[in-house]
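1. Quick one, structure for this:
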Amino acid sequence: MFENLSEKLGNVFDSIRGRGALTEADVDTALRDVRLALLEADVALPVVKTFMARVRDHAVGQDVLKSVKPGQMVVKIVHDALVETLGPESAPLNINQRPPAVILMVGLQGSGTTTSTGKLARLLKTKQKKSVMLASLDVSRPAAREQLRILGEEAGVDVLPERDGDTPQSITKRALDAAKLKSSDILILDTAGRTTVDEGLMAEVRDVAGIATPAETLLVADAMTGQDAVTTAAAFKDAVGITGIILTRADGDARGGAALSMRQVTDCPIKFLGVGEKQDALEEFSPERMAGRILDMGDVVGLVEKAAETIEAEEAERMAKRMAKGQFDMNDFLSQLRQLKKMGGMGGLMGMLPGIGKLKSQIQAAGIDDSFFARQEAIILSMNKRERVAVGLLNASRRKRIAQGSGTSVQEVNKLVKQYQDMAKMMKRMGKMTGGNPAALASMLGGGGDDAPA
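-> Next comes the predicted model:
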C-alpha cells in the first residue's frame, strides 16, 4: 500500500535532504511536488488542501529555513501532518463493556464483509483472548451463511446455527440470547451487503442496530475502489452512524488515496487493514506507524510484533541451544525459511523495513520474492537426510540430482549452499556474542525471554 506515493515523496525529499540550507523557494517547490504526489495517489481534493495548508504553515517558517538540517525538518513536518490526517491516534475497539459486546459489520456486496468478520473473530480470540460468537444476518444468500460458518470453524469460534424463515431482526434477537447463554464476550453480526447504497439496506441495518445496540458499527470498504470507498463510507456514516472502518485489499492498493481521505471526510477512524487473503491477514491500524511506512521510515514496532506473534518460542529455544553448541544445518535453515513465510514473506515484511522503498525495484529485479523462497524450500526438501546435516557431501553429481528433483538449476542450488554457509557463520558469531547462552540467543531469535531455560 502507498507504494506510488512513497516513491514520489522519497524523490521529493531526496532533492532537499542533502542540502545545507534551503530558501523559501526551495521549500515551495518541494511542497508543490508533495501536493502533486497526493493528487496522483487519488487523495480527495479537500483533504489535499487541508493537508498542504497544515504543512505550509510550519514548513516556510524561520525555524525550518535556519535549522541545521532543514530538509529533515520538512520531512518531519510532512510526517506529523500525515499522522494527523490518518488519525491522529490509534482507535482500538470499544468492547470493554458488559458482555456480550456487539460488533455490527456493514458494507457493500463484494467489499469483503463476511471475510473480514471471520478475520476479526480470529484476531479477537487469539490476540485479546475473547470468546466470540458469529451470526449471519444475510437471509437472501445461503452461500454467505455457509461461508461464515466455515470461517467461524477455522477461527475456532461459535457460529449461530441457521433456521428456516428467519429475518435479520429475529436472527439478531436469537444471537443475543445465544451469546448470553454461552457467556460470549463478543457477538459479531454480519449483515447482508447490497450492490449499491439504498434505503432498504440502511433501514435493515437501523432495525438491527436498534435491537442489538452495538458497541461498534464497522464499515468494511474496499481500498481498491479509491474515492468510491470514501463516498460509500460517508453515506453509511450519515445513514447508520458507523464508528469505524475496516479497509480491505489494502495490500493491492498502490495509491492509498482512500486511506488518506477516510478520516477527514467521514470523521471515522480506520481501525483495521485487510492485507491479504489468509485469515490472519488483518492488521490493527496505527496512524503513526502508517505514516512511517509512507515516508519509507519503516515500521519496526510492527515488525517486532509480527515476529513475536509468529515465531514460536519453543522453536527459537531449540534453535538457540543448537547455535550455542555451534550447530546449524540445512534443517535449521529450512526452519528459518518457514518462519519467514509465516511472517508474511517478502511482501509482508518489505514495507516494515526502513529505507527499503528505494531497493524494492532492485530486489524484484533480482527475483527475490515469495516464489524465490518456495524454490529454496524445494531445493532443501530434495536433499536426503545425510545431505541436510552434512552439506560437505554435496559434490557436483549430488547437486545436479537435487536441481532436477526440485525443478531448479544447479546455479540455484549453489547459491542456496552459499547462503546457508554465510548464515551458518553468522549464527556461530551470534553464539559467541552471547557466550553460548541459549536464553539470550532465543530472545534474539524472537522467542523465549526471561523464562527461557538457561
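
2. and the gap between the most centrally placed residue in the chain and residue 259?
-> Nearest to the geometric centre of the chain sits residue 283, at 4.3 Å (Cα atoms, centre = their mean). From residue 283 across to residue 259, the span is 12 Å (Cβ to Cβ, to the nearest Å). For every residue, glycine as well, the C-beta is placed using N, CA and C.

3. Common neighbours of those two, please.
-> Shared contacts of residue 283 and residue 259, defined by Cβ atoms under 8 Å, 6 or more residues apart in numbering, are found at residue 273.

4. that older thread, can I assume the residue nearest to the centre of the chain is in contact with residue 273?
-> Yes - between residue 283 and residue 273 there is a contact under Cβ atoms under 8 Å: 4.8 Å.

5. any common contacting residues for those two?
-> Listed as contacting both residue 283 and residue 273 by Cβ under 8 Å, 6+ apart is no residue at all.

6. Double-check that the residue nearest to the centre of the chain belongs to a strand.
-> Yes - under DSSP: H, G, I helix; E, B strand; the rest coil, residue 283 falls within a strand.

7. What pLDDT does the model give it?
-> The model reports residue 283 with a pLDDT of 87.

8. repeat for residue 436
-> Residue 436 is assigned a pLDDT of 50 by the prediction.

9. does residue 135 belong to a helix or a strand, and which?
-> strand 132-136 (DSSP states H and E).

10. helices or strands next to that strand in the packing?
-> helix 113-126, helix 142-155, strand 158-159, helix 168-181, strand 186-190 (3 or more Cβ pairs under 8 Å, 6 or more residues apart in numbering; DSSP states H and E).

11. With distance to residue 420, mean neighbour count and mean pLDDT added, can I get the ones you listed in TSV?
-> Output for the helices and strands packed on strand 132-136, formatted as TSV (distance: least, Cβ to Cβ, whole Å; neighbours: other Cβ atoms under 10 Å; pLDDT from 0 to 100):
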stretch	distance to residue 420	mean neighbour count	mean pLDDT
helix 113-126	33	23	94
helix 142-155	35	17	92
strand 158-159	45	21	95
helix 168-181	52	18	95
strand 186-190	45	28	96
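
12. what would these look like in JSON lines with distance to residue 249?
-> Shown next, in JSON lines, are those (distance: least, Cβ to Cβ, whole Å):
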{"stretch": "helix 113-126", "distance to residue 249": "10"}
{"stretch": "helix 142-155", "distance to residue 249": "17"}
{"stretch": "strand 158-159", "distance to residue 249": "25"}
{"stretch": "helix 168-181", "distance to residue 249": "26"}
{"stretch": "strand 186-190", "distance to residue 249": "18"}
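
13. Out of the ones you listed, which gets nearest to residue 247?
-> Among the helices and strands packed on strand 132-136, the nearest to residue 247 by Cβ to Cβ is helix 113-126 (9.6 Å).

14. centre of the chain versus the closest one, how much separation?
-> For helix 113-126, the separation from the chain centroid amounts to 14 Å (computed by Cα atoms, centre = their mean, to the nearest Å).

15. which residues are contacting it?
-> Residues outside helix 113-126 that contact it (Cβ under 8 Å, 6+ apart): 95, 103, 105-107, 130-132, 134, 136, 138, 144, 147-148, 151-152, 154-157, 185-186, 188, 190-191, 193, 218, 220, 246, 248, 272, 274, 277, 279-282, 284.

16. Repeat that for stretch 178-187.
-> Taking contacts as Cβ under 8 Å, 6+ apart, the residues outside stretch 178-187 that touch it are 95, 99-103, 124, 130-135, 158, 160, 175-176, 212.

17. what about residue 395, how many neighbours?
-> Using other Cβ atoms under 10 Å, residue 395 has 8 neighbouring residues.

18. My error: substitute residue 420 in the last question.
-> Neighbour count of residue 420, defined by other Cβ under 10 Å: 21.

19. Identify each buried residue in the helix or strand residue 371 falls within, please.
-> Element membership of residue 371, judged by DSSP H and E, is helix 370-381. Residues 373, 375-377, 379-380 are the ones in helix 370-381 that count as buried (16 or more other Cβ atoms under 10 Å).

20. Between strand 186-190 and the strand holding residue 135, find me the angle.
-> Strand 132-136 and strand 186-190 are oriented at 20 degrees to each other (axes from the mean of the first three to the mean of the last three Cα atoms, to 10 degrees).

21. can you give me the strands for the stretch 151-300 of the chain?
-> Along the stretch 151-300 of the chain, counting by DSSP state E, counting those that start in this stretch, strands occupy 158-159, 186-190, 216-222, 244-248, 270-274, 282-284.

22. just the ones you listed: most buried one?
-> strand 186-190 (a mean of 28; mean count of other Cβ atoms under 10 Å).

23. got the CA positions of that strand in PDB?
-> Output of strand 186-190 as PDB, limited to C-alpha atoms (Å, rounded to 0.1, in the frame of the first residue of the first chain):
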ATOM      1  CA  ILE A 186     -18.300 -10.600  21.900                       C
ATOM      2  CA  LEU A 187     -21.100 -11.100  19.300                       C
ATOM      3  CA  ILE A 188     -20.300 -10.200  15.700                       C
ATOM      4  CA  LEU A 189     -23.300  -9.700  13.400                       C
ATOM      5  CA  ASP A 190     -22.500 -10.000   9.700                       C
END
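
24. Thought residue 375 was touching residue 408, still the case?
-> Yes - taking contacts as Cβ under 8 Å, residue 408 lies within contact range of residue 375: 5.4 Å.

25. what residue ranges in the stretch 301-450 of the chain score low on pLDDT?
-> Along the stretch 301-450 of the chain, the parts satisfying pLDDT under 70 run over 301-320, 322-326, 341-370, 427, 429-450.

26. how about a cut-off of 90?
-> The stretch 301-450 of the chain contains residues with pLDDT under 90 at 301-377, 389-392, 415-416, 418-450.

27. Distance check, residue 425 against residue 328.
-> Separation of residue 425 from residue 328 (Cβ to Cβ) stands at 9 Å.

28. and the longest helix that the chain contains with helix 370-381, angle?
-> Looking across the chain with DSSP state H, the single longest helix is helix 410-433. Orientation of helix 410-433 against helix 370-381 (the same axes, to 10 degrees) gives an angle of 80 degrees.

29. going forward can the numbers begin at 333, since that is how I track them
-> With the count now opening at 333, the last piece we talked about shows up as helix 742-765.

30. All the strands of the stretch 333-482 of the chain, residue numbers only.
-> 433-439, 464-468.

31. Just give me how far the last one sits from the chain centre.
-> By that I understand strand 464-468. With Cα atoms, centre = their mean as the basis, strand 464-468 stands 24 Å off its chain's centre.

32. No further questions, thank you.
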